[in-house]
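Participant: generate a structure from the sequence data that follows.
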Amino acid sequence: MAELIHEHSARVKGADGTTYIVLIHAQERTDGTWEGWFEFHPTDKRRPVLRTEQETSQPNRTALEYWASGLEPVHLEGAFARAQGRLL
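Facilitator: Numbering: from 1, shown residues only. Below is the predicted model of the structure:
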């Protein structure tokens with residue numbers, strides 16, 4: 001089951017002006033490693049939530065939390081661009 005790992009303090013703004021809250025979710029695999037992805041939740045609840053495919057694979061939850069906490073805004077912008085074709 002997916003877990004919320006981190007809510008980024010930066011926000012992302014879409015071309016239409018919609019602001020998105022950036023959440024990093026993850027799930028433990030059967031082999032004990034973790035996969036993580038982004039979800040972009042619009043502040044305008046009429047807009048859909050966007051999600052990326054898998055963005056990272058980490059050996060454990062601690063490593064995934066560390067990865068998530070060090071993401072720069074430029075990485076969020078790239079992930080947002082990838083997520084725009086995927087609705088949750």
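
Participant: so, low pLDDT: which residues of the protein?
Facilitator: In the predicted model of the chain, residues 87-88 satisfy pLDDT under 70.

Participant: and the strands in it?
Facilitator: With DSSP state E as the criterion, the chain has strands at 3-13, 19-28, 34-42, 50-51, 56-58.

Participant: and the closest residue in space to residue 8 that isn't next to it in sequence, what is it in contact with?
Facilitator: Spatial nearest neighbour of residue 8, chain neighbours left out: residue 22 (4.0 Å); criterion: Cβ to Cβ, 6 or more residues apart in numbering. In short, each C-beta sits where N, CA and C put it, glycine included. Neighbour list for residue 22: 7, 8, 10, 11, 12, 38, 39, 40, 76, 79, 80 [criterion: Cβ atoms under 8 Å, 6 or more residues apart in numbering].

Participant: turn the residues you listed into a markdown table, including distance to residue 32 and neighbour count.
Facilitator: Listed next are the contacts of residue 22 as a markdown table, based on distance: Cβ to Cβ, whole Å; neighbours: other Cβ atoms under 10 Å:
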| residue | distance to residue 32 | neighbour count |
| --- | --- | --- |
| 7 | 25 | 11 |
| 8 | 26 | 18 |
| 10 | 30 | 13 |
| 11 | 33 | 13 |
| 12 | 31 | 21 |
| 38 | 22 | 26 |
| 39 | 23 | 19 |
| 40 | 28 | 26 |
| 76 | 28 | 19 |
| 79 | 25 | 23 |
| 80 | 30 | 18 |
